[in-house]
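>>> what's the 3D shape of this:
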Amino acid sequence: MSFAWWHAVVVWIPMLPTFWSIWHIWNHDFPNPQARALWLVLVVFVPVIGGIIYIFTGRKKALAKI
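Presented below is the predicted three-dimensional model:
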């Protein structure tokens, strides 16, 4: 069995919401530091599901870009 380019795609595509969520959390302001920390913990420790949850619910709670 050999490694093909699509193996990397299968691994990286589900991780995109997580990477984007971490970037968004890091670059936006939140009402308090605890909210930012909670979202980061959720996204980092529950990678794919946490990123998707953040995109649909947490993104609206971010205030402004830093």
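>>> Next up, the contacts around residue 54.
17, 21, 24-25, 39, 42-43 (CB atoms under 8 Å, 6 or more residues apart in numbering). C-betas here are computed from N, CA, C, even on glycine.
>>> and what of residue 22?
By CB under 8 Å, 6+ apart, residue 22 lies in contact with 40, 43-44, 51.
>>> about what we covered before: name the nearest of the contacts of residue 54 relative to residue 61.
Distance to residue 61 across those (CB to CB) is lowest for residue 39, with 8.1 Å.
>>> Going by secondary structure, that closest one is in what exactly?
Assessed by DSSP states H and E, residue 39 sits inside helix 33-45.
>>> all helices for this structure, in order.
When assigned using DSSP state H, the helices of the chain occupy the ranges 5-12, 16-27, 33-45, 47-56.
>>> Tabulate those helices (a markdown table), appending distance to residue 66.
Output for the helices of the chain, formatted as a markdown table (distance: least, CB to CB, whole Å):
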| stretch | distance to residue 66 |
| --- | --- |
| helix 5-12 | 27 |
| helix 16-27 | 6 |
| helix 33-45 | 11 |
| helix 47-56 | 17 |
